[in-house]
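[1] Could you work out the structure for the sequence below:
(one chain, ligands or ions: 2)
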Amino acid sequence: MNLLPLAALRAAFSGRLCTDAGDMSAFLTDWRGKWTGRAIAVAQPDTAHDVAAVLRWCQQHRVPVVPQGGNTGLSGGATPDVSGAALVLSLTRLNRVRRIDAVNNTIEAEAGVTLQQLQDAARDAGRLFPLSLAAQGSCTIGGNLATNAGGVQVLRYGNARELCLGLEVVTPQGELWNGLRGLRKDNTGYALRDLYIGSEGTLGVITAAVLKLHPLPAAQVAAFVAVPSPEAALQLLELAQLRLGAGLTAFELMSDICLGLVEQHVAAARRPLSEPSPWYVLLELSDAQDDAHATAAIEGLLEAALARELATDAAISASLAQFKSLWALREDISEAQGAQGKTIKHDIALPLSRIPAFIAATDAAIARTFPEVRMVVFGHLGDGNLHYNVSPAAGPSGPGHEAAFVALEAGVNRLVHDAVAAQGGSISAEHGLGVLRRDESARYKPEVELRLMRAIKAALDPHGLMNPGKVLAIDAGEST
Ligand code: FAD
Ligand code: ZN
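    Numbers count the residues shown, from 1 in each chain. Ligands and ions are numbered 1, 2, ... in the order given. Modelled structure (predicted):
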């Protein structure tokens, strides 16, 4: 029986508090349906002061808190555990864009504003907010910052961390910290902002942020380029950076298997090139002049690439519709892979120079050890970030085969992550640790790094109430 004074909590803040199982269910399962938990209630406060009141109540009654934004995270960070002891704190009602300073090129927004809403507000003010990812209609700016989200334009504009100038945070004790400074230079002590960014709700709750804006490009052109190998793709990247400079805003890699899956599972998808190629690059140029200038620059680049045999064929977008349909081929890969059946996913980062050798050696090791799978490799090559995914090999399917594939997950993960660690890479590039990669990350991190992380957690959240069990294992907040 629940003896917590929920009536006192209900009275303490303005917003919704729901305890009905049906109303709560959408908040208790993650976007992929991989994790389901339980909660004493879901609180949906209206303001930062309401968030502070909720956290004070949680601190007083030692109730764990699971912050949640758009619930699109892929690592289980926003789902409570099955104990039913935690309160889910949904930030979606903190959804106001507070102000835009066009001269300072900044926008201040509350945590529950969706990424799409933020992009639209910036565009209405004649500015670009460049963070861009497939979940942007649902994910929130608070969630983007809490996971330090990446996406497709990191190459040019950086990830969420690099786009954030200031934060407003509620501490686990329920104090409101106003760090909403729109400053590009501020060396006045420890970088608390950067501590909260990427902390996945384990140190406090982000309630608002000041974010950087950029000029809107006058024109954008995409090219879908057939390349013979990842080595050639990297040489094409070097050439593109040399010729296009900061105009190169995206550089994505995908294998022919990815394109085949999209063609098979997405009705509108069409191959843009007549001949298949083992690999493709999707690159994007954002131009300050106009379409003709952008197209000429991309044509010049591709002529040089064809002459050097870094590319074998290419299609260039000639309209907004073509631009979008080329991008859809890249953005629909996850969905197409999901439609094919069970998947084993890896979100890895490597030094760019090591990527070709990593792919060759790891593909071969996987083929030797797990002949019943095939690789579905794509990602943000310009950032050294691959979605190095695994699907069942083509062949008989059905529940028995699916179960056999799922049983391979731990072994496949170990093989891939050992290879990543051996190449000096990271086993979570943009999706965070949550619960999914918590223990594996601890396996590869130096002990001193883990100890420093635990010390920070213990200092800011001594009772271990903020998103327990995410990023660090549950007893990690206690000093040893
Ligand atoms: P949630 O899922 O609600 O929460 C994520 C984590 O942040 C949890 O640990 C939660 O506790 C914490 N949190 C949320 N809000 C706050 C807050 N206000 N204060 C403190 N902690 C908080 N990610 C990428 O980086 N790049 C991609 O390209 C990308 N593509 C995606 C495509 C699809 C189709 C999907 C479904 C997801 C994709 N993601 C991608 C993952 C996901 O969209 C991002 O991680 C996103 O930043 C999560 O935002 P959210 O609001 O949904 O956060
Ligand atoms: Zn990605």
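[2] can we go C-alpha only for contacts and neighbour counts from here?
    Fine.
[3] And the pLDDT at whichever residue of the stretch 301-450 of the chain sits closest to ligand 1?
    Taking Cα to the nearest ligand atom as the measure, the stretch 301-450 of the chain has Glu430 as its residue closest to ligand 1, at 4.3 Å. The predicted local confidence for Glu430 comes out at a pLDDT of 96.
[4] if I look at it, how far off is Thr295?
    With distances taken as Cα to Cα, to the nearest Å, Glu430 is found 31 Å from Thr295.
[5] close enough to count as contact, the residue of the stretch 301-450 of the chain closest to ligand 1 and Asn148?
    Yes: taking Cα atoms under 8 Å as the contact criterion, Glu430 and Asn148 are neighbours in contact, 6.8 Å apart.
[6] How about the contacts made by the residue nearest the centre of the chain?
    Geometric centre of the chain, nearest residue: Ala149, 3.9 Å, by Cα atoms, centre = their mean. Applying Cα atoms under 8 Å, 6 or more residues apart in numbering, we find Ala149 in contact with Asn159, Ala160, Glu430, His431.
[7] do Tyr196 as well
    Neighbour list for Tyr196: Ala146, Leu203, Gly204, Ile206 [criterion: Cα under 8 Å, 6+ apart].
[8] Direction included, what does the helix or strand where the last one lies pair up with?
    Ile206 belongs to strand 205-212 when assigned by DSSP states H and E. With DSSP bridges as the test, strand 205-212 is paired with strand 106-110 (antiparallel), strand 164-170 (antiparallel).
[9] Get me the contact residues on this protein for ligand 1.
    Residues of the chain found near ligand 1 (Cα under 6 Å from any ligand atom) are 66-74, 77-78, 91, 111, 133-135, 139-140, 142-144, 146-147, 149-151, 200-201, 205-207, 430-431, 434.
[10] longest helix anywhere in the protein?
    When the chain is parsed with DSSP state H, its longest helix is helix 291-307.
[11] picking up where we left off before, so between Glu430 and Asn148, which is more surrounded?
    Counted by other Cα atoms under 10 Å, Glu430 and Asn148 do not tie: Asn148 has more neighbours, with 25 against 21.
[12] For Thr29, name its beta-bridge partners.
    Applying DSSP bridges to Thr29 gives these bridge partners: Thr36.
[13] residue contacts, it?
    With contact taken as Cα under 8 Å, 6+ apart, Thr29 is in contact with Trp35, Thr36, Gly37, Thr79.
[14] Kindly reformat these as a markdown table containing pLDDT, neighbour count and distance to Val103.
    As requested, the contacts of Thr29 are arranged in a markdown table below (pLDDT from 0 to 100; neighbours: other Cα atoms under 10 Å; distance: Cα to Cα, whole Å):
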| residue | pLDDT | neighbour count | distance to Val103 |
| --- | --- | --- | --- |
| Trp35 | 97 | 19 | 44 |
| Thr36 | 98 | 16 | 45 |
| Gly37 | 98 | 17 | 45 |
| Thr79 | 98 | 29 | 40 |
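[15] Of the residues you listed, just say which sits nearest to Arg354.
    Of all the contacts of Thr29, the one sitting nearest Arg354 is Trp35; the distance, using Cα to Cα, is 33.6 Å.
[16] I'd assumed Gly76 was in contact with the closest one.
    Yes: under the criterion of Cα under 8 Å, Trp35 is in contact with Gly76, at a separation of 6.3 Å.
[17] Quick one: classify the residue of the stretch 301-450 of the chain closest to ligand 1 as helix, strand or coil.
    coil (DSSP: H, G, I helix; E, B strand; the rest coil).
[18] before we move on, the earlier item: and the next element down the chain from the strand holding Ile206?
    Towards the C-terminus, the helix or strand next in line after strand 205-212, according to DSSP H and E, is strand 214-215.
[19] which strands and helices sit next to the helix or strand that comes right after that next one?
    Toward the C-terminal end, the helix or strand that comes next after strand 214-215 (DSSP H and E) is strand 219-227. Helices and strands touching strand 219-227, by 3 or more Cα pairs under 8 Å, 6 or more residues apart in numbering; DSSP states H and E, are strand 279-287, helix 291-307, strand 313-316, helix 320-331.
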